[in-house]
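In: mind folding the following:
(one chain, ligands or ions: 2)
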Amino acid sequence: MELRISHECPQCSAPVTLEETDRLLECAFCRVKLYITSKETFHYWMQPKRTDRELILIPYWRFKGMTFSCKAQKTEERIVDTTLIAADIKGMPVSLGVRPQAVPLRYVTLDVNRYFFVSYKPFKSVFSTMETKFQRIEKLKVKPSLSAGNTVFHRAFIGETMSVIYLPTYINNNFFYDAVTDKPIVPLNRETQLDFTKAKDWGLRFLATLCPYCGWDLKGEKDSLVLFCRNCNSAWEASLSGLKKIEFSVVPQEGGASIFLPFWKIKANVSSVQLNSYADLVRFANLPKVIKSEWENQEIAFWVPAFKIQPRHFLRASKSATLAQLKTQKELALPKGYIFTVNLPESEAIEAVKISIFDLAVPKKEILPIIDSIEVKPLSVEIVLVPFQETSHGYIQQTLHLSFGRGLLWYGRNI
Ligand SMILES: [Zn+2]
Ligand SMILES: [Zn+2]
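Out: Ligands and ions are numbered 1, 2, ... in the order given. As a prediction, the model looks like this:
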C-alpha cells in the first residue's frame, strides 16, 4: 500500500503530490527542492467531505516494515503493511483498510488545531494487542502439539514507515459519522470515553537541500534519509535542529566498485551479555576459530543494512557484516561509484541490533530467557559505504560472501 500526500509548495503554493516515503519535495512549478523532516512521527489526516462539523479525529498507526519474533528454534520474520486503530473506541474499524489510498492525505498542520484530537497509544502496545488476537485465532487452527515451542521471547518492529493517520469523524444523532464518506460508522456507546489531546507542532519542516557547510546542492534520491555533498564530501541527516552532519567511512577496495551499499555501523553497550571485543563475538557466535590474544582488545561494532530489503536478507546481511568486522577508512572524498539510497532510519537500525544479537548467538538457549531485557545503548553511529561489484546476477561483495539480486534490491524500496 503506497500512500499519497497532497501538499502545497512552501515557496510558490503550487499543489504537490508526495509519496509517503518521499523526503524530497521537488516543485514542478518553481523548481525549489526541499527536504521534508519532522521532529516526531509524521502526522497526517484524511480530508473530510464537509468541514462545517465539529470534527473528532481518530488516530490510527500506520506501519510499514518488518517484524521479527524470536522463538526457541528460529526467528520468524514478516513484512507488515497496515493501519491499526490507536485508541479504544468500541465499534470503530480496527484498520483504515483502503481508505487512505482513496483520499490523498494531508499533513496535520497548525490550522487543523481547531478540531478535537483523540490521543493515541504507543505503537508497540497497539500492535502487540493485535498480534495476540491474531495468535489466538491461529492457535485455534493449529493442533496443540504443533504449537509447542511457539513462545515468542522477543519481538521487534523495524519500521521503514511509521506515522499517525487521523480519520475525521463527527457525532450526529448519537452516531459516529465518518466525515470522509459522510456515512454513519457506529452508534455512540454510553461507555465511550474519548481522551482528547491538543494538536501540537509536531515539527514538520521543509529545509533547503543545500549543504550547511559549503552551500552546494546536496545529492540524494527521493526517499533518502541521508544526503551527501559531493563538493565538500560530507553526509547529512535530518535532526531536531535541521541538518546534522554524520560521520561516514568507506570499506576500501582496490580498483573501486560499481555500487556502494550503505550500512549503519553501531558501536554499543549491550547489557547482560559479554559482547565487547572480537574475541567475545567469536565465542558468542561459536565460530570455528582459535582466539588470538589481541582479539580480546579489538573493539566491535554491529552492522545493519541502511537500505530496505526483505527481512530474511536483512538478517543475513547484518549477520555476515557484523561477523566480518570489515576494516573501514575515513575517506577524504566520497567514492566515485553509485551510492545506494539510505532509506532505513538510524533509530530503526539501532532497534535491529538486538535481533541481530539473537541471530548471532550459538547456542540460543542461554540468550532466550534474557533477550527481551537486553538493553542496547548506542555509543557511536556512522554510515559505512560497502563496495559491491555488479555482475549479470546482481551485486556481489566477495569478502562478506553476500550477494543481492538486482530485483531484490530495487524491490526492497517498495517494501
Ligand atoms: Zn513551488
Ligand atoms: Zn558541502
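
In: and for Ala235, nearest residue in space, chain neighbours not counted?
Out: Phe248 (4.5 Å; C-beta to C-beta, 6 or more residues apart in numbering). Every C-beta, even on glycine, is put in place using the N, C-alpha and C of the backbone.

In: how close does that neighbour sit to ligand 2?
Out: As defined by C-beta to the ion, to the nearest Å, Phe248 lies at a distance of 13 Å from ligand 2.

In: that residue touches Ile383, doesn't it?
Out: Yes. Counting by C-beta atoms under 8 Å, Phe248 touches Ile383, with 4.4 Å between them.

In: quick one: contacts for the residue nearest to Ala235?
Out: 235, 331, 334, 382-385 (C-beta atoms under 8 Å, 6 or more residues apart in numbering).

In: can you give me the neighbour number for the residue in the stretch 151-300 of the chain positioned nearest to ligand 1?
Out: Ligand 1 sits closest to Phe206 of the stretch 151-300 of the chain, with a gap of 10.7 Å, by C-beta to the ion. For Phe206, the neighbour count with other C-beta atoms under 10 Å is 15.

In: what does Ser125 give?
Out: 10.

In: so among the contacts of Phe248, which ones count as buried?
Out: Buried by 16 or more other C-beta atoms under 10 Å: 235, 334, 382-385, out of those.

In: ok, those vs ligand 1, which is closest?
Out: Relative to ligand 1, the closest of these is Ala235; by C-beta to the ion it sits at 27.0 Å.

In: okay, and that closest one sits in which element?
Out: strand 234-239 (DSSP states H and E).

In: can you name every helix or strand that that strand contacts?
Out: strand 226-229, strand 242-246 (3 or more C-beta pairs under 8 Å, 6 or more residues apart in numbering; DSSP states H and E).

In: could you pull out the buried residues of the last one?
Out: This points to strand 242-246. Those would be 243, 246, for strand 242-246 by 16+ other C-beta under 10 Å.

In: list the contacts of it.
Out: In contact with strand 242-246 (C-beta under 8 Å, 6+ apart) are residues 35, 37, 205, 207, 212-213, 226-227, 234-238, 381-383.

In: for ligand 1, what is the nearest residue in the stretch 251-400 of the chain?
Out: Thr341 (23.8 Å).

In: can you pull the contacts of that residue?
Out: Residues near Thr341 by C-beta under 8 Å, 6+ apart: 220-221, 223-224, 262, 307, 413.

In: mind doing that once more with 6 Å?
Out: 221, 224 (C-beta atoms under 6 Å, 6 or more residues apart in numbering).

In: please name the bridge partners of Ser163.
Out: Phe42, Arg62 (DSSP bridges).

In: next, count neighbours for it.
Out: 22.

In: swap in Ile266?
Out: 22.

In: confirm for me that it is in contact with Val381.
Out: Yes. At 5.2 Å, Ile266 and Val381 qualify as touching, with contact defined as C-beta atoms under 6 Å.

In: so what's Tyr98 closest to, chain neighbours aside?
Out: Tyr isn't right for residue 98; it's Val. Nearest to Val98 is Met1, by C-beta to C-beta, 6+ apart, at 7.6 Å.

In: pretty sure Met260 belongs to a strand, no?
Out: Not Met; residue 260 is Phe. Yes. With DSSP: H, G, I helix; E, B strand; the rest coil as the criterion, Phe260 is assigned to a strand.

In: check the gap between it and Cys214 for me.
Out: 22 Å (C-beta to C-beta, to the nearest Å).

In: ok, back up a step: which of the residues in the strand holding Ala235 are buried?
Out: Going by 16+ other C-beta under 10 Å, strand 234-239 has these buried residues: 234-238.

In: avg pLDDT for it?
Out: Over the span of strand 234-239, the pLDDT mean works out to 89.

In: just checking: what are the partner strands of it?
Out: Applying DSSP bridges, one finds strand 234-239 paired with strand 226-229 (antiparallel), strand 242-246 (antiparallel).

In: so which residues of the chain form helices?
Out: 99-102, 123-141, 144-147, 278-284, 311-324, 346-360, 406-412 (DSSP state H).

In: and among the ones you listed, the most buried is which?
Out: helix 346-360 (a mean of 21; mean count of other C-beta atoms under 10 Å).

In: check the closest residue to ligand 1 within the stretch 51-200 of the chain and give its pLDDT.
Out: Across the stretch 51-200 of the chain, no residue is closer to ligand 1 than Tyr107, which sits at 16.1 Å (C-beta to the ion). Model confidence at Tyr107, given as pLDDT, is 94.
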